[in-house]
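**Student:** Structure for this input, please:
(one chain, ligands or ions: 1)
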Amino acid sequence: MAVSVKICGLTEATGLSAAVEAGARYVGFVFFPKSPRNVTPETAAGLAVQVPLGVAKVGLFVNPDDAALDAVLSRVPLDIIQLHGSESPDRVAEVKSRFGLPVMKAVGISEPQDLDALWDYGLVADMLLIDAKPSQNATLPGGNGLAFDWRLLAGRQILKPWLLAGGLTPANVAEAIRLTRAPGVDVSSGVESAPGIKDPARVRDFIARATAPIL
Ligand SMILES: O=C(O)c1ccccc1N[C@@H]1O[C@H](COP(=O)(O)O)[C@@H](O)[C@H]1O
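**Tutor:** The predicted structure is shown next:
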């Protein structure tokens, strides 16, 4: 099956249309004020109306409370909630039940024991996003252009549909897919010309390489 691609951290129409036209299956909007990719609900709502049916609109949140989720979901017709903080499995289940949307939980990996969390979150989340664990002094829990050792995932059974993330670029995405057999990939900084601004040519190149047949 073709690899699904998520282009995350879209802030403006040019990047969004490049992602959609090149075949992205998911587009991501970041609701996290510390991120250079943060968008207001109003901006996201304006972009969301440009997303065709068949492309899922993902809202990325970091440890949101219910009020923060309400504030966005009352304005933006999201299809999936991405939780990218230290939300517990119980909180993932609570968000899913309270808001009635599928939840994609990000799990950070840097060493073999981090893989245990994939089981715990796999029991409650609809999808998993397997990302690099940020360094201790990182200001963002993701979107840092940091990769992990993809060989940790080789041959691993994952309970739920999942995307590989962390430090992916047009140059390395095919190798990452080859090593991990990821059914989908997610990228943010690796297709930007500046933080928060997607480079349409890099977006197209990334999607073409991610979806090319594996040799
Ligand atoms: O992109 C961000 O600014 C961001 C902020 C806070 C949490 C997660 C964030 N991005 C997610 O991280 C992955 C990996 O990013 P990158 O490709 O290494 O730059 C990205 O796909 C987003 O889902």
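**Student:** Spell out, range by range, the helices that occur in this protein.
**Tutor:** Counting by DSSP state H, the chain has helices at residues 13-22, 41-48, 66-73, 89-99, 116-122, 173-180, 200-211.
**Student:** can I get these in TSV with mean neighbour count and distance to residue 154?
**Tutor:** Backbone N, C-alpha and C define where each C-beta goes, glycine included. Formatted as TSV, the helices of the chain follow (neighbours: other C-beta atoms under 10 Å; distance: least, C-beta to C-beta, whole Å):
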stretch	mean neighbour count	distance to residue 154
helix 13-22	19	28
helix 41-48	17	36
helix 66-73	15	35
helix 89-99	15	25
helix 116-122	17	14
helix 173-180	18	6
helix 200-211	20	18
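**Student:** could I get those helices as JSON lines with mean pLDDT and distance to residue 136?
**Tutor:** Shown next, in JSON lines, are the helices of the chain (pLDDT from 0 to 100; distance: least, C-beta to C-beta, whole Å):
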{"stretch": "helix 13-22", "mean pLDDT": "98", "distance to residue 136": "31"}
{"stretch": "helix 41-48", "mean pLDDT": "98", "distance to residue 136": "30"}
{"stretch": "helix 66-73", "mean pLDDT": "98", "distance to residue 136": "25"}
{"stretch": "helix 89-99", "mean pLDDT": "98", "distance to residue 136": "23"}
{"stretch": "helix 116-122", "mean pLDDT": "96", "distance to residue 136": "18"}
{"stretch": "helix 173-180", "mean pLDDT": "96", "distance to residue 136": "24"}
{"stretch": "helix 200-211", "mean pLDDT": "98", "distance to residue 136": "29"}
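**Student:** Residue 109 is nearest to which of the ones you listed?
**Tutor:** helix 116-122 (8.3 Å; C-beta to C-beta).
**Student:** and that closest one, what other elements does it pack with?
**Tutor:** helix 89-99, strand 103-109, strand 127-132 (3 or more C-beta pairs under 8 Å, 6 or more residues apart in numbering; DSSP states H and E).
**Student:** please redo it, this time with the cut-off set to 6 Å
**Tutor:** Helices and strands touching helix 116-122, by 3 or more C-beta pairs under 6 Å, 6 or more residues apart in numbering; DSSP states H and E, are strand 103-109.
**Student:** List the pairing partners of the strand it packs on within its sheet, with orientation.
**Tutor:** strand 80-83 (parallel), strand 127-132 (parallel) (DSSP bridges).
**Student:** Nearest the geometric middle of the protein, what residue?
**Tutor:** Geometric centre of the chain, nearest residue: residue 186, 4.9 Å, by C-alpha atoms, centre = their mean.
**Student:** beta partners for that one?
**Tutor:** residue 6.
**Student:** measure it to residue 94 for me?
**Tutor:** 24 Å (C-beta to C-beta, to the nearest Å).
**Student:** cool, residue 101 as well?
**Tutor:** In terms of C-beta to C-beta, residue 101 sits 13 Å off from residue 94.
**Student:** so where is this protein shaky, pLDDT-wise?
**Tutor:** By pLDDT under 70, the weakly predicted segments of the chain are 215.
**Student:** need the residues of the chain near the ligand, please.
**Tutor:** Contact residues, the chain versus the ligand (C-beta under 6 Å from any ligand atom): 8-9, 28, 30, 32, 35, 37, 60, 62, 84, 131, 140-146, 165-168, 186-190.
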